[in-house]
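> I would like to see how this sequence folds:
(chains A and B)
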Protein chains: 2
Amino acid sequence: MPADPQAVIEAIGAALPADAVVTDPASMDAYRWDRALDPDAGVPLVVVRPLTTGQVQDVVRIAAQHGVAIVPRGAGSGLSGGSSAVQGAIVLSLDRMREIRIDPATRMAVVQPGAFNAEVKQAAAAEGLWYPPDPSSFEFCSIGGNIATNAGGLCCVKYGVTTDYVLGLTVVLADGRAVTLGGPRLKDVAGLSLAKLFVGSEGTLGIITEAVLKLIPAQRLPATVVATFPTLQGATDAVLAISRSLRPSMLEFMDRPTINAVEDETRMGLDREAAAMLIIQSDEPAEAAREEVAEVERICAEHGASECYATDDPDESEAFVVARRIAIPAVEKKGTLLLEDVGVPLPRLGDLVAGIERISAAREVPIAVVAHAGDGNTHPLLVVDPNDAAQKERADIAYGEVMDLAIELGGTITGEHGVGRLKQPWLSSYLGADEYDLNLRIKAALDPQNILNPGAVFGASTEAAR
Amino acid sequence: MPADPQAVIEAIGAALPADAVVTDPASMDAYRWDRALDPDAGVPLVVVRPLTTGQVQDVVRIAAQHGVAIVPRGAGSGLSGGSSAVQGAIVLSLDRMREIRIDPATRMAVVQPGAFNAEVKQAAAAEGLWYPPDPSSFEFCSIGGNIATNAGGLCCVKYGVTTDYVLGLTVVLADGRAVTLGGPRLKDVAGLSLAKLFVGSEGTLGIITEAVLKLIPAQRLPATVVATFPTLQGATDAVLAISRSLRPSMLEFMDRPTINAVEDETRMGLDREAAAMLIIQSDEPAEAAREEVAEVERICAEHGASECYATDDPDESEAFVVARRIAIPAVEKKGTLLLEDVGVPLPRLGDLVAGIERISAAREVPIAVVAHAGDGNTHPLLVVDPNDAAQKERADIAYGEVMDLAIELGGTITGEHGVGRLKQPWLSSYLGADEYDLNLRIKAALDPQNILNPGAVFGASTEAAR
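Predicted coordinates for the structure are as follows:
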């Protein structure tokens, strides 16, 4: 709590229009959690909903003056608790800053952080252009949150992640100054690459109020292959073989529990007995796509696929992609989820999936695995019976064991969701002491008071060792 | 000069093998300059040529202890004086650290900084893979220098710049600690994006001793279009029209002085009367490439091209690309060069080129313009008669005026060469006070003694305003 909470509220009230300030507890409740539903989320002092960079600066200046924490948030779709409210803090919601301008001549989008990913895609598509990054939540996640977590998605295996499309950012710093970093230029090496530093910083270094994004020409309609496998090993070996020789625009994986959860929702006729299913797309031009699809089918057959189905019908293709995208909500209906986001170098994918199966059996916690297999990024979903406290305890252990396994295999504790508050306790041991200390030095240099999203990414102390 | 230069040399001699330490002035001379030939380059205290990360750490620890500056360098091909020797400093040359390992399964290269760009390309090609970034100097520039300057090149218009291919870095920090940032994972958001921060930092934040690079499948053989235009405006309008509707894998520009300098070297029959020439490539699959080439030809004709020639013969294609790549050395034979690297948002390319023509006329300094036109990045080459001191003075003024013009047009003072020492005086006014201060905060946090490449990028003082 700040020394004088009432003074903070009054200062904000004086600086911002009335409709930008929320103080009644019931209305504030909508801004306390993201999708991680952190049970430790605090009650904010006030929620602000600015419309301009200038208003964001006003709020940050007040916060800095009073030493009160700020938790920035976009659409609240985060999965690592990065925007859980901090007790007594200002929650700064960017949900009303949603402008999008597309410049077809330079193939760039200038966007405010609250715009949804899907809205940016739509605006780009209206000009024959494409903003590739596509988290499964693209219809309800904000572009600001995407940038804050360097979000990934399904097409990243061919088209890269969010940072690959960020050319410039306007950022409000911890002292309220606004800086413009990079801009609408494909090449710019004047000064440090600071725009890239803010991508993935989860609101701990500054508050993004505008972004310049690179767009590319519209994607060709992809052809889709769906292959089912009687063994996990067959499926992960096929992933490796496909990745070695081809460059699919999507290469997704679902294991048996995931397939069944999705089939329960969609009744689309997925093979409930399969150990795993792959969804592969090619967006090469017609002839090249046909060749790529044929080669994918050959590789899947070679690795023992029980069924392999190819289509270039757009609606049918989209149905399979939707099946993949709803995997997390579908599994969520089976219990309370602990959602993982571990990634490994591709050759270790099979070891990761097999190891997760062992952890699931040993801890007696069902784990459904869905994966952006082509880039080695998996989402093991630990399913906990909400009425079984003992299982919850075992699941908490398994959650850590999955991360330990990923690290052991040369992987990461989070590929695209961010560290947030949920994975914060694992970060320093994952990174190592010197790397973590380097992170802290940057944090301390940019936010010496530790008022920006405290507790996310970094622990209570953000003092670097000297 | 350090307090006790002899103690520094002795400590280095004790820590490193004899063949890694160069102290005789004649041998050190080869390590004093890069291609910018900075007349103010100092005489180093010692040149070290380590073979391992551990040896780099030893040198940095000694430097930190004695407060002596370190100038890291790769192949010495820099064009902004970023590796000019500092008087009394340690020059740390990475030219012996040249290992390259390719992992075809994950499509990644693990490289040491002294390896040449061309060597990385060759090693990748042996596995059917491609490392895209292609500065014109690719045959004699090091990958470490490429990363330090976030180098660009010709294919960036479609394939992006160096940072887009950097997944991980090993960096020796200013206190001698070595950190590993990122790694062989396509997605990894655990902690700040520090690998990206070091890309383009020009040796001012740390010394890169290893990099993990993303590779993609080998490029298809491109088809090439060469078009000449009777007016600059016709050529730059054609660039804009091509960029708006197509996605060429190369879109290069040469003006009349450049064409003539190249023709003097090659006698390949270029049109000496043309105001400008474009070299455009398409690397789409066969049918799509044919369509793209036809569309390029149509657009060039529509914008008044006097001649338009298309070929898919690989040797003939390569001859035109070589003509483009030798443009800078060809113009260099006409006098002493002041080499610019300004970039603008693409719609301002015509204004930039026209403005440069005006500056050239007003200052009576020939300026040849060669450009990576498709990404708005130009290299105006100011040609100075080495015996004309008055012209040199006018050229120095014109050099600044070209940067001022680029800034006025929303552009950058350096697109791909780096700030180095030559453009350092312009950086703070280009960035603006708050942005520059933010750069300084990072610099001060990571190199509080300012021993890493002092004078490059930043001026004498690296104290941030508080």
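> Please make it C-alpha for all contacts and neighbour counts, starting now.
Fine.
> Quick one: low-confidence residue ranges for chain A.
For chain A, residues meeting the criterion pLDDT under 70 lie at A:1-2, A:465-466.
> In it, where's the longest helix?
Longest helix in chain A, counting residues (DSSP state H): helix A:389-408.
> what comes up buried for the helix or strand following it?
Counting by DSSP states H and E, the next helix or strand C-terminal to helix A:389-408 is helix A:424-431. By neighbour count on 16 or more other Cα atoms under 10 Å in any protein chain shown, the buried set for helix A:424-431 is A:424, A:425, A:426, A:427, A:428, A:430, A:431.
> Which phi and psi values does residue A:338 adopt?
phi -110, psi 120 (degrees, to the nearest 10).
> quick one: it and residue A:385 touch, right?
No - here residue A:338 lies out of contact with residue A:385, judged by Cα atoms under 8 Å, at a distance of 11.2 Å.
> Which residue is it, in the stretch 351-466 of chain A, that comes closest to chain B?
With Cα to the nearest Cα, the shortest gap between the stretch 351-466 of chain A and chain B falls at residue A:415, namely 4.1 Å.
> where's that residue relative to residue A:29, distance?
Applying Cα to Cα, to the nearest Å, the value for residue A:415 to residue A:29 is 29 Å.
> quick one, which of the two is more surrounded?
residue A:415 (28 against 14; other Cα atoms under 10 Å in any protein chain shown).
> neighbour count winner among residue A:338 and residue A:385?
Taking other Cα under 10 Å, residue A:338 and residue A:385 do not tie; residue A:338 has more neighbours (22 against 15).
> Leaving out chain neighbours, which residue sits closest to the more buried one?
Spatial nearest neighbour of residue A:338, chain neighbours left out: residue A:382 (4.9 Å); criterion: Cα to Cα, 6 or more residues apart in numbering or on different chains.
> and the residue of the stretch 151-300 of chain A found nearest chain B, what does it touch?
With Cα to the nearest Cα as the measure, residue A:188 is the residue of the stretch 151-300 of chain A nearest to chain B, at 4.1 Å. Going by Cα atoms under 8 Å, 6 or more residues apart in numbering or on different chains, residue A:188 touches A:182, B:343, B:412, B:414, B:415, B:416.
> quick one: which of those residues is most hemmed in?
Ranked by neighbours (other Cα under 10 Å), the contacts of residue A:188 are led by residue B:343, which has 32 neighbours.
> mind listing what the most centrally placed residue in chain A touches?
Chain A has residue A:417 as the residue nearest its centroid, 3.4 Å off, counting by Cα atoms, centre = their mean. Contact partners of residue A:417, counting by Cα under 8 Å, 6+ apart, are A:78, A:79, A:80, A:149, A:150, A:151, A:341, B:189.
> did I read that right, residue A:374 in a strand?
No - remark: residue A:374 does not belong to a strand; assigned using DSSP: H, G, I helix; E, B strand; the rest coil, it is helix.
> And for the closest residue to it other than its chain neighbours, the neighbour number?
The shortest distance from residue A:374 to any non-neighbouring residue, by Cα to Cα, 6+ apart, is to residue A:251 (5.0 Å). The tally of other residues near residue A:251 (other Cα under 10 Å) stands at 28.
> May I ask you to confirm that residue A:251 is in contact with residue A:154?
Yes - if you go by Cα under 8 Å, residue A:251 and residue A:154 touch, sitting 7.5 Å apart.
> Show me the common contact partners of those two, please.
In terms of Cα under 8 Å, 6+ apart, residue A:251 and residue A:154 are both contacted by the residues residue A:372.
> ok, back up a step: out of the contacts of residue A:188, the closest to residue B:273 would be?
Proximity of these to residue B:273 was ranked by Cα to Cα; the top entry is residue B:343 with 26.1 Å.
> Compute the distance between that closest one and chain A, please.
Residue B:343 sits 7 Å away from chain A, going by Cα to the nearest Cα, to the nearest Å.
> hmm, back to that, backbone dihedrals for the residue nearest to residue A:338, please?
Here residue A:382 shows phi and psi, under degrees, to the nearest 10, equal to phi -80, psi 120.
> Now for it: which residues touch it?
Per Cα under 8 Å, 6+ apart, neighbours of residue A:382: A:337, A:338, A:339, A:340, A:365, A:366, A:367, A:368, A:395, A:399.
> Can you tell me which of the residues you listed end up in strands?
If you go by DSSP state E, these have A:337, A:338, A:339, A:367, A:368 in strands.
> Fine by me, we can end here.
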